[in-house]
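test case, fold it:
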Amino acid sequence: MKTRNWMLVVAVAGMVGALVYTQLTAAEAGAEAKADLGKPAPEFALKDVYGKEFKLSDFKERVIVLEWINKGCPVSKGAHEKKVMQDTYKKYAGKGVVWLAIDTTVGTKPEDNRVYAAEMSLAYPILHDVEGKVGRAYGAKTTPHMFVIDKAGKLAYTGAIDDREKTNYVAAALDALLAGKPVAKAKTEPYGCSVKYPPAKK
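The predicted structure follows:
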């Protein structure tokens, strides 16, 4: 009798353990990836102002720059008016660097950014993060907020475009990565308008 009870206890414990393990594994699989320096950058698939889909994985083994953008933000717009973004993009485009702008601003329509891109002579795509999932995954705080991903697909830099004066942090990060060197200043504090996220879906 005692043996039978002991076997029952072991069996129940085994079933509970298996259930807990299954639930934990499912939770881990369902958890959204978050951007972290030195770790793989979260994958995404977003459409540009013309409806064309861009996936991060489309640019394997390429250095990638992500720029959070908002045409209504004086800081983001100011960087375009001063050609800071355009000039940095042009300098590295010929070296195989991919530059993608991402707009997470609630209510912004593709046609708005089509006009804006033409006005500012932006030669790189503006992608629409309609639900805000990509912005939240990367922890985008401001417009602009810059992210640089290395050829291995890992986040190598996060922060501001520059120090508001002479040092262009993104250019420095790109120079280092293209030379096969680690980024000396991998994280800075971004500045600009706060990202106007759409309400998170439950």
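
for residue 155, see how far away the spatially most central residue of the chain is.
By Cα atoms, centre = their mean, the chain has its centre lying nearest to residue 138, at 4.3 Å. Going from residue 138 to residue 155 by Cβ to Cβ, to the nearest Å gives 8 Å. Any C-beta I mention is one placed from the backbone N, CA and C, and that applies to glycine too.

also residue 97?
Distance from residue 97 to residue 155, by Cβ to Cβ: 15 Å.

all strands for this structure, in order.
45-48, 53-55, 64-68, 98-103, 126-128, 142-143, 146-149, 155-159, 193-194 (DSSP state E).

got JSON lines for those, with mean neighbour count and distance to residue 112 too?
Listed next are these as JSON lines, based on neighbours: other Cβ atoms under 10 Å; distance: least, Cβ to Cβ, whole Å:
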{"stretch": "strand 45-48", "mean neighbour count": "17", "distance to residue 112": "13"}
{"stretch": "strand 53-55", "mean neighbour count": "12", "distance to residue 112": "18"}
{"stretch": "strand 64-68", "mean neighbour count": "25", "distance to residue 112": "16"}
{"stretch": "strand 98-103", "mean neighbour count": "24", "distance to residue 112": "9"}
{"stretch": "strand 126-128", "mean neighbour count": "23", "distance to residue 112": "10"}
{"stretch": "strand 142-143", "mean neighbour count": "25", "distance to residue 112": "14"}
{"stretch": "strand 146-149", "mean neighbour count": "24", "distance to residue 112": "22"}
{"stretch": "strand 155-159", "mean neighbour count": "23", "distance to residue 112": "27"}
{"stretch": "strand 193-194", "mean neighbour count": "15", "distance to residue 112": "16"}
